[in-house]
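Chemist: no sequence on hand, only this structure:
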């Protein structure tokens, strides 16, 4: 599975012109590019979701080894109005940055470094787009997959052993302890590779199966899927055709009346899947579909045994699920579960788990299984928001100071602290060389960023990748060890070290220039201009978010 193996240096034009300028400047200044004293460091982080999981290592590695720039693209750059011949030559060379990254399936939090790159400026900065593509893709899916998983198990406010019991990763209690969780996003993603990523990430985050058969093959993931609505529609014409052709076996009910085409379709579906299957019951009408499911199942012992679930895909999900549950119970089908689909998201799952406790005393009363597609695949409220920013140049700390978009300076590390029982108490961004500072009750700390690509002892050979089950086990072992529920931990136990705060404070001087100047400044300050703009917007009836 890989869609990142194309040429690594697929960047925005500013990456190309920046690289060409730097190569020209190094020539003018007489600097050697292979001199580590003139190297720079960039780090990558995400800032729009509260937590996510470090994944996509295999895809990023393929991007790093990349492919040399071909001749047509060299000519394209050489013909550019900026005459980008130097960068065209640079892109014939393999990527030479030294990359550190969080290990696969490591839990991280907003603004914490996920990786850093150390190397020559011209080449290192060219990695922004492919690095951000990998981190945004996997990080976005990881946040939503975890959020949905916790919501479906009513486990948002749990940690430790209580959380481990609620999410039930061994799947042994899926029908009673929590709903099974299925990834139905393939049709919405617009890209088969994105679907493979979605399936892999959902499995790491504790989901049960996927509707994507290729993902099932590629990632050894169980596959799941019901019949389509158009199966019922097909049965209408097919049944009429068979009647006209005199092929009447099975088309009449016990009173010699022609069966409704939906009931007949359900019966043939149960016959085809004697070991257990699901009937989608609201193609025409929810009440009629449930009636036909019961009639089809009661038409023979084998069909009764085959019916394991009904699926509802329309109307307001809690009400549709409650009606289906009561309908099944009233007809002696209490053992048949209800699968709920139809634009479900984490917020709706939280509603349904609470209502399940109210109406049936358990979170699975309204839903024994859940299929998530649109709200996991495409209709995200946020993307992870990966950024790639310089943090050190020629050994000198540097950072971006602009309001709301400031970045960390220096050589960074992510440090995780635990108590004597192995419970994770906090996870901070620190400076690489600062000593470990334990708080009362903390027993040890570990640094998470580790060599990934390039540099001494790493080279360009990737370590044996972890399997999905190994990633899943490692991720949830971390989540179970958090001292607080994950959302609360993200708010309360994630920060930066005092040494990093002090370094950031010293950078404020970078925004000051005391040299005399002839530049004329407007009388108004920014805040005054902001107030004038807001007043004008109100007069014009313009709505803004800020």
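Modeler: Thanks, I have it. Since the model is a prediction, treat every value here as computed from it, not as a measurement.

Chemist: hang on, residue 85 packs against residue 75?
Modeler: No - applying CB atoms under 8 Å as the test, residue 85 and residue 75 come out as separate, 10.1 Å apart. Where you see a C-beta, it was placed from the backbone N, CA and C, and this is true even at glycine.

Chemist: compare neighbour counts for these two and give me the winner.
Modeler: Counted by other CB atoms under 10 Å, residue 85 and residue 75 do not tie: residue 85 has more neighbours, with 16 against 11.

Chemist: so who does the more buried one touch?
Modeler: 20, 77-78 (CB atoms under 8 Å, 6 or more residues apart in numbering).

Chemist: wait, a strand at residue 428?
Modeler: Yes - assessed with DSSP: H, G, I helix; E, B strand; the rest coil, residue 428 lies in a strand.

Chemist: where do the strands sit along the stretch 251-400 of the chain?
Modeler: Taking DSSP state E, counting those that start in this stretch as the test, the strands found in the stretch 251-400 of the chain are 277-280, 307-312, 337-340, 369-372, 386-393, 396-397.

Chemist: residues contacting residue 470?
Modeler: residue 105.

Chemist: surely it forms part of a helix?
Modeler: Yes - counting by three-state DSSP, residue 470 is part of a helix.

Chemist: list the contacts for residue 388?
Modeler: Residues near residue 388 by CB under 8 Å, 6+ apart: 42-44, 127-128, 131-132.

Chemist: still on that earlier bit, can you lay out the strands of the stretch 251-400 of the chain as JSON lines showing mean pLDDT?
Modeler: Formatted as JSON lines, the strands of the stretch 251-400 of the chain follow (pLDDT from 0 to 100):
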{"stretch": "strand 277-280", "mean pLDDT": "96"}
{"stretch": "strand 307-312", "mean pLDDT": "96"}
{"stretch": "strand 337-340", "mean pLDDT": "96"}
{"stretch": "strand 369-372", "mean pLDDT": "94"}
{"stretch": "strand 386-393", "mean pLDDT": "93"}
{"stretch": "strand 396-397", "mean pLDDT": "92"}
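
Chemist: so which of those strands is nearest residue 432?
Modeler: With distances scored as CB to CB, the stretch of the strands of the stretch 251-400 of the chain nearest to residue 432 is strand 386-393 (10.0 Å).

Chemist: can you give me the buried ones in the closest one?
Modeler: By neighbour count on 16 or more other CB atoms under 10 Å, the buried set for strand 386-393 is 386-392.

Chemist: and those residues, which is closest to residue 507?
Modeler: residue 391 (10.9 Å).

Chemist: surely the closest one meets residue 407?
Modeler: Yes - at 7.0 Å, residue 391 counts as touching residue 407 under the criterion of CB under 8 Å.

Chemist: what is in contact with those two at once?
Modeler: With CB under 8 Å, 6+ apart, residue 391 and residue 407 have common neighbours 43, 399.

Chemist: picking up where we left off before, show me which of the contacts of residue 85 are buried.
Modeler: 20, 77.

Chemist: and the contacts of residue 85, which of them are in helices?
Modeler: 20, 77-78 (DSSP state H).

Chemist: most tightly surrounded among the strands of the stretch 251-400 of the chain?
Modeler: Highest mean neighbour count among the strands of the stretch 251-400 of the chain (mean count of other CB atoms under 10 Å): strand 369-372, with a mean of 26.

Chemist: what's that one packed up against?
Modeler: strand 180-183, strand 337-340 (3 or more CB pairs under 8 Å, 6 or more residues apart in numbering; DSSP states H and E).

Chemist: just give me the closest of the contacts of residue 85 to residue 250.
Modeler: For the contacts of residue 85, the closest approach to residue 250 (CB to CB) belongs to residue 77, at 68.7 Å.

Chemist: was I right about the closest one contacting residue 87?
Modeler: Yes - if you go by CB under 8 Å, residue 77 and residue 87 touch, sitting 6.2 Å apart.

Chemist: right, I'll leave it there.
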